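Engineer: what follows is a predicted protein model with its sequence.
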Amino acid sequence: MSPTTAPTVTLPHGAAMPRLGLGTWPMDDAEAERVIAEAIEIGYRLVDTAENYGNERGVGRGLKASGAAREDLFVTTKFNKKWHGVELAAEAFERSADRLGVDYVDLLLIHWPNPAQDKYVEAWQGLARLLEQGRVKAIGTSNFKPSHLERLIDETGVVPDVNQIQLNPGVTREAPRSFHVKHGIVTQSWSPIGGEGVDVLKEQVIVDLAERHGKTPAQIVLRWHMELGLTAVPKSSDPERLAQNLDVFDFSLSSEDVAAISGLDKGEEAAADSDSFGH
């Protein structure tokens, strides 16, 4: 039997990105190598890493160990604020590609805007150049607020393919999501099933829906992301949960169910503040 793979969404610059992928924070190199090879075998095609995770070499080894053709995989990575500059962004790409053992990256993201440093527009110009050169298939941002995105678009005319933000039923991020829709940016959720003080899996509405659908609470939450038109990169290193997280395309939630889950939102203040935090 062929493995289940996630459907794709076509990004603004033309790349086809799986709607569900594998997050790798906080895996180390050894764990990343093992988990990624297993994940690809069961059907994952998108793998998300970052310079700051310190596991790009392990991710690269896992990609290679999987035996999958490079063109069948979608590899995302992100760079830190020390590379916020036109030429520096190119150097960040070269270093990540080298650690990953790849010739190109499918999606390269600025990890945090770091507005106090005020160099993210230059970093974005560097990403736009990499896209033109074909060294990356898509470019985007992570943890950018609408105000940051607006400045990028106004000053460069280049719209991000993706903005990856903290998003789960406890932090639904309605304002960024509506900005993304208006500008054609694809929203990608990190920590999509919660974490760090947000334990949505024990909420009664989630538990009840899991029982009704014969699914796990995590599967209900990931299906909620899919119903909202989002993409997500849940992290797991457990083989059973890896398979479960990908198995969310054979059922649906009603609009009432989606609204009930969204009712768990604790507001924008519950999200990490990217005006004051970043690396």
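Structural biologist: Great, that's in hand.
Engineer: going forward, measure contacts and count neighbours with C-alpha atoms only.
Structural biologist: OK.
Engineer: from S274, how far off is G85?
Structural biologist: G85 is 19 Å from S274, where distance means C-alpha to C-alpha, to the nearest Å.
Engineer: repeat for A175
Structural biologist: Note on A175: its distance to S274, by C-alpha to C-alpha, is 15 Å.
Engineer: now do D199
Structural biologist: Distance from D199 to S274, by C-alpha to C-alpha: 22 Å.
Engineer: likewise S142?
Structural biologist: 9 Å.
Engineer: identify the contacts common to those two.
Structural biologist: Common contact partners of S142 and S274 (C-alpha atoms under 8 Å, 6 or more residues apart in numbering): W112, P113.
Engineer: give me the pLDDT value at the residue of the chain positioned farthest from its centre.
Structural biologist: Centroid-distance maximum for the chain: R212 at 28.6 Å, with C-alpha atoms, centre = their mean. Note on R212: pLDDT of 97.
Engineer: what does A270 give?
Structural biologist: Listed pLDDT for A270 reads 88.
Engineer: what's the neighbour count on it?
Structural biologist: By other C-alpha atoms under 10 Å, 15 other residues sit near A270.
Engineer: contacting residues for V200?
Structural biologist: By C-alpha under 8 Å, 6+ apart, the contact set of V200 is P169, G170, I193, G194, I206, L264.
Engineer: actually G43, sorry about that
Structural biologist: G43 sits next to P3, T4, T5, A6, L246 when contact means C-alpha under 8 Å, 6+ apart.
Engineer: I figured L20 hits L230, correct?
Structural biologist: No - contact criterion C-alpha atoms under 8 Å: L20 and L230 do not qualify, at 9.0 Å.
Engineer: specify which residue of those two has the higher count of neighbours.
Structural biologist: Using other C-alpha under 10 Å, the more surrounded residue of L20 and L230 is L20, with 28 against 19.
Engineer: out of A175 and S274, which sits in the more crowded spot?
Structural biologist: Between A175 and S274, S274 has the larger neighbour count (other C-alpha under 10 Å), namely 18 against 11.
Engineer: check which helix or strand that one maps to.
Structural biologist: If you go by DSSP states H and E, S274 is not part of any helix or strand.
Engineer: mind checking the backbone torsions on it?
Structural biologist: phi -80, psi 0 (degrees, to the nearest 10).
Engineer: how far away is it from S147?
Structural biologist: Taking C-alpha to C-alpha as the measure, S274 falls 11 Å from S147.
Engineer: so which residues of this structure form helices?
Structural biologist: Per DSSP state H, the chain carries helices over the ranges 29-42, 56-66, 86-100, 120-133, 146-156, 174-183, 204-213, 217-227, 239-246, 255-262.
Engineer: so what's T76 up against?
Structural biologist: T76 touches L46, V47, D48, T49, A50, V105, D106, L107, L108, L109, counting by C-alpha under 8 Å, 6+ apart.
Engineer: how near is the nearest residue to P12 once chain neighbours are set aside to Y104?
Structural biologist: Leaving aside its sequence neighbours, P12 sits nearest to D161 (C-alpha to C-alpha, 6 or more residues apart in numbering; 5.4 Å). Going from D161 to Y104 by C-alpha to C-alpha gives 16 Å.
Engineer: can you pick out the residue with more neighbours from those two?
Structural biologist: Taking neighbours as other C-alpha under 10 Å, D161 and Y104 compare with D161 leading, 26 against 20.
Engineer: surely the more buried one is in contact with I139?
Structural biologist: Yes - contact between D161 and I139 holds when scored by C-alpha under 8 Å: they sit 5.7 Å apart.
Engineer: could you list the low-pLDDT ranges of the stretch 51-200 of the chain?
Structural biologist: Low-confidence segments of the stretch 51-200 of the chain, defined by pLDDT under 70: 195-198.
Engineer: check contacts around the nearest residue to N163 once chain neighbours are set aside.
Structural biologist: Among residues not flanking N163 along the chain, T141 sits closest, at 4.8 Å (C-alpha to C-alpha, 6+ apart). Residues in contact with T141 (C-alpha under 8 Å, 6+ apart) are L109, I110, H111, W112, P160, V162, N163, Q164.
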